[in-house]
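1. Provide a 3D model corresponding to the input given below.
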Amino acid sequence: MSDDIVNIHTDVIAVIGSDISSVTIPTAEILSIYQIPYCSVCAASPALSNKDMFSYFWRPQLENFGQALAVFLLALNVKQIAVLYQPFSSYGYVSQEVVSEAQRHGIRIVAKLSLSQSPSVSLEEALFVTMSLNRVSARYIVMIGDSSKVSGILYRVGKLGIFGPNFVWLVYNEPTTSAPLIEYGPDYETYASNYICVGRTDVNLTATANQFYSYTQITKSDLSRVDLFQNSNVRLSADCVMNLLYGLDKLLKTNKSVTPDLLSSRKGNALLDYSRFQDTGYNGLAFHPFQLTETGDLKAPTIFASVSRKSSLDFGETNANSTLFTFYSPNLPVFFNRSTIRPSDGSKTEPILYSYSLETIDGQWILILCTLGITACILATLFLYVARETASVKAASVAESFTIILACLLCYLSLFGSFGVKTWAKCHFQWLGLSSGYNLGLSTILCKNLLLVRLFGRKHVKRPEREVLIFRVLNWGLVIIHFVKH
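-> This next block holds a predicted model:
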């Protein structure tokens, strides 16, 4: 399609699309290279906010999910959350944004779980999620994934106990499924219809979807999911078209050197990057005024809605920059089964820094084995020194043998960092000792074997002492590189 637009349909000066992100991304990159404006209704990948790659792309999509969510959680005084995400590229980006913004606002991430890519949720996956959430006392749970995945998680994990007045589910996409009774059962609505939707533009979409699917099953009509999907974006498509036209009209009126003929020949397209359409003066059907951010995304409040048993309630929104959250009214029934009581965010969990003590069996065994290892290294060193002139020891290469003993000694010494209260210095000492000993021993063995291959290979070596020096320099070069990097 992009090749046709660029090379065949040369009278096309702008493009409106409704493809998903995986299709939109390569198209947007190509059209940006050829300076052709492109507005997409449905592409929601955060990657498309990169204006270095997609300078001619813009969209009527909110891309501040993480920041809006963090501001909302602060308004509730929530200090810790769990994040579940489906590992597609766009959802992975969103999960990273959620974690980054939460941490920036002082909110702890007690769990971040990557789910399977499959839209369905198996019992094993549901058990894994349930146990992981219970282990960290998660109460506020962010679910990022496609609608089918959200449906499966809410239903199956809910049936396993992550459900009720003590839990709050916050979803990136609303749960929808074509045949909930067939896929899940008659209790589907019980478990999959209590959540808070973040940033949706049509709060009746779930109810509309359920009515749509019921209608198609009863009437046996040929309408498909695509019909529902496209119809739900009619207003955004109209806003794409109108904002594009307003931008072109504004350019013609403010820049007398630009003419319709110049635009139709694409000679004026250098003036049509996304910034041209940031504030055209258009009042949109879905949002008004229709404005874009510095990343070409929709600049509008993020609306929060509570969904409970097919009914939805808008209860608050952020400002356009997602720096402040405002409730429409105090004490709105936004939680489980329309409760006004805010659940606790769970007991505070702290990371356990496990340390060994001489009072425990584990600590005593580590001390005994370290002592034996260090003693063996000292005895081996003394033996090599005393017998360094004997033929058998010389054949084993005294210098390399000393180096390997030193590597073992570093590893043994590093284990003493396991004792007592963990500090940054102790952790660094332990890691540096283990990694240095491993690197020193491995590089020495490797270089020694390479040297043997070189000395006893097919070609006669005239100056073996020179070869020995080269491989020893190589060995210590590797060791020095390791220390420099750490």
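2. tell me which element Ser237 is part of?
-> helix 234-254 (DSSP states H and E).
3. buried ones in that helix, by neighbour count?
-> Applying a neighbour-count criterion of 16 or more other C-beta atoms under 10 Å, one finds 235-240, 242-244, 246-248, 250-251 buried in helix 234-254. (C-beta placed from N, C-alpha, C; glycine too.)
4. just the CA trace of that helix, in PDB.
-> Written as PDB, here are the backbone C-alpha positions of helix 234-254 (Å, rounded to 0.1, in the frame of the first residue of the first chain):
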ATOM      1  CA  VAL A 234     -16.500   6.600  13.300                       C
ATOM      2  CA  ARG A 235     -16.200   9.800  15.300                       C
ATOM      3  CA  LEU A 236     -12.500   9.500  15.600                       C
ATOM      4  CA  SER A 237     -12.200   8.900  11.800                       C
ATOM      5  CA  ALA A 238     -14.300  12.000  11.100                       C
ATOM      6  CA  ASP A 239     -12.000  14.000  13.500                       C
ATOM      7  CA  CYS A 240      -8.900  12.700  11.600                       C
ATOM      8  CA  VAL A 241     -10.400  13.900   8.300                       C
ATOM      9  CA  MET A 242     -11.600  17.300   9.600                       C
ATOM     10  CA  ASN A 243      -8.500  18.100  11.500                       C
ATOM     11  CA  LEU A 244      -6.400  17.300   8.400                       C
ATOM     12  CA  LEU A 245      -8.600  19.700   6.300                       C
ATOM     13  CA  TYR A 246      -8.500  22.400   9.000                       C
ATOM     14  CA  GLY A 247      -4.700  22.200   9.100                       C
ATOM     15  CA  LEU A 248      -4.400  22.500   5.300                       C
ATOM     16  CA  ASP A 249      -6.900  25.400   5.200                       C
ATOM     17  CA  LYS A 250      -5.000  27.200   8.000                       C
ATOM     18  CA  LEU A 251      -1.700  26.700   6.100                       C
ATOM     19  CA  LEU A 252      -3.200  28.200   2.900                       C
ATOM     20  CA  LYS A 253      -4.600  31.200   4.800                       C
ATOM     21  CA  THR A 254      -1.400  32.000   6.800                       C
END
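5. list the contacts of the next helix or strand after it.
-> Per DSSP H and E, the first helix or strand lying C-terminal to helix 234-254 is helix 260-264. With contacts defined as C-beta atoms under 8 Å, 6 or more residues apart in numbering, helix 260-264 is touched by 11, 13, 248, 252, 268-269.
6. chain center to helix 260-264: distance?
-> 43 Å (C-alpha atoms, centre = their mean, to the nearest Å).
7. picking that back up, pull the most distant pair out of the contacts of helix 260-264.
-> Asp11 and Leu252 (17.3 Å; C-beta to C-beta).
8. next, the buried residues of the lengthiest helix in the chain.
-> Longest helix of the chain, by residue count under DSSP state H: helix 424-455. Across helix 424-455, burial judged by 16+ other C-beta under 10 Å covers 426, 430, 432-437, 439-441, 443-444, 447-448, 451.
9. could you list the low-pLDDT ranges of this protein?
-> 89, 177-178, 200-232, 310, 348-355, 422, 450-472, 474-476, 478-479, 482-486 (pLDDT under 70).
10. torsion angles phi and psi at the closest residue to Glu125 other than its chain neighbours?
-> Spatial nearest neighbour of Glu125, excluding adjacent residues (C-beta to C-beta, 6 or more residues apart in numbering): Ser116 at 5.8 Å. With angles defined as degrees, to the nearest 10, Ser116 sits at phi -70, psi 160.
11. Cys197 now?
-> phi -100, psi 130.
12. what is the neighbour count of it?
-> The number of residues packed near Cys197 is 23, by other C-beta atoms under 10 Å.
13. where's it relative to Pro46, distance?
-> Between Cys197 and Pro46 the computed distance is 19 Å (C-beta to C-beta, to the nearest Å).
14. equivalent analysis for Gly66, please.
-> For Gly66 relative to Pro46 (C-beta to C-beta), the value is 9 Å.
15. got it, and Ser32?
-> Counting by C-beta to C-beta, the gap from Ser32 to Pro46 is 17 Å.
16. what ranges does the stretch 301-450 of the chain have for its strands?
-> Assigned strands in the stretch 301-450 of the chain, in chain order: 303-308, 311-318, 325-327 (criterion: DSSP state E, counting those that start in this stretch).
17. how about the last one: buried residues?
-> Within strand 325-327, the residues that qualify as buried are Phe325, counting by 16+ other C-beta under 10 Å.
18. residues in contact with that strand: which ones?
-> Residues contacting strand 325-327 (C-beta under 8 Å, 6+ apart): 68, 71-72, 74-75, 304, 315-319.
19. can I get those residues in CSV including distance to Ser22 and neighbour count?
-> CSV is the format used below for those (distance: C-beta to C-beta, whole Å; neighbours: other C-beta atoms under 10 Å):
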residue, distance to Ser22, neighbour count
Ala68, 24, 25
Val71, 30, 21
Phe72, 29, 22
Leu74, 34, 16
Ala75, 35, 15
Phe304, 28, 26
Phe315, 34, 17
Gly316, 33, 19
Glu317, 30, 21
Thr318, 28, 26
Asn319, 32, 14
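20. could you check how far Asn269 is from Asn64?
-> 29 Å.
21. same check on Ser443?
-> Relative to Asn64, and taking C-beta to C-beta, Ser443 is found at 49 Å.
22. now Asn319
-> 11 Å.
23. what does Asn77 give?
-> Distance from Asn77 to Asn64, by C-beta to C-beta: 21 Å.
24. which one's more surrounded, those two?
-> Using other C-beta under 10 Å as the criterion, Asn77 and Asn64 rank with Asn64 on top: 26 against 8.
25. what's the local residue count around Asn233?
-> Count around Asn233 with other C-beta under 10 Å applied: 19.
26. what's near enough to touch it?
-> Going by C-beta under 8 Å, 6+ apart, the list of residues near Asn233 reads 18, 41-42.
27. just the buried ones among those, please.
-> Buried among the contacts of Asn233 by 16+ other C-beta under 10 Å: 18, 41-42.
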